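**Q** need a 3D model of the sequence below.
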Amino acid sequence: MDKQKILIADDEPGVRLLVSRILEEEYIVLEAADGEEAIDIAKGQQPALILMDLMMPKMDGYAACHRIKDDQATKEIPVIILTGIGHDLNKKFAEEMGADEYITKPFTRESLLKRMRQLLISSQQ
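**A** Predicted coordinates:
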């Protein structure tokens with residue numbers, strides 16, 4: 001079976017590397033360093049799922065998520081907000097922007113993979 005593409009959008013190279021290492025066995029990993037790049041890659045590569053940080057240069061995760069969910073070409077792609085900010089208000093706002101899931105850092109490899117798999121399965125139905 002072909003590996004699914006997962007886009008990691010985070011301005012911290014260390015976080016992208018960490019998440020890539022978690023995912024690379026099961027998925028093809030795409031990377032974006034800011035929200036604008038994430039939108040371009042989402043349109044061009046059509047990943048199965050996007051992991052999106054909130055605080056990024058050029059365009060933050062809220063705006064990028066909203067643009068992805070607002071675009072006919074990318075609106076079906078599940079977006080998981082992966083952030084160090086765990087406030088309920090941020091979570092509510094992210095959901096309003098169209099995010100499908102909200103995970104706060106630090107997270108465990110198992111919890112990340114479990115939630116990703118659940119979303120990938122439900123998005124294919």
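
**Q** okay, CA-based contacts and neighbour counts for the rest of this
**A** OK.

**Q** worst mean pLDDT across the helices and strands of this protein, which element?
**A** helix 88-96 (a mean of 82; mean pLDDT, DSSP states H and E).

**Q** ok, residues contacting the helix or strand following it?
**A** Next helix or strand after helix 88-96 toward the C-terminus (DSSP states H and E): strand 101-104. Strand 101-104 has contacts (CA atoms under 8 Å, 6 or more residues apart in numbering) with Val79, Ile80, Ile81, Leu82, Thr83, Gly84, Ile85, Gly86, Lys91, Ala94, Glu95, Leu112.

**Q** against Gln72, how distant is the residue minimising distance to the centre of the chain?
**A** Against the mean C-alpha coordinate of the chain, by CA atoms, centre = their mean, the closest residue is Leu51 at 1.6 Å. Look at Leu51 and Gln72: by CA to CA, to the nearest Å, they are 19 Å apart.

**Q** go on, Ile103?
**A** Taking CA to CA, one finds Ile103 at 25 Å from Gln72.

**Q** out of these two, which sits in the more crowded spot?
**A** Ile103 (20 against 10; other CA atoms under 10 Å).

**Q** neighbouring contacts of the longest helix seen in the chain?
**A** Criterion DSSP state H: the longest helix present in the chain is helix 109-123. Residues outside helix 109-123 that contact it (CA under 8 Å, 6+ apart): Ile22, Leu23, Ala48, Leu49, Glu76, Ile77, Pro78, Ile103.

**Q** most neighbours out of these, which is it?
**A** Pro78 (24 neighbours).

**Q** ok, now which ones touch that one?
**A** Ala48, Leu49, Ile50, Ala99, Asp100, Leu119, Leu120, Ser123.
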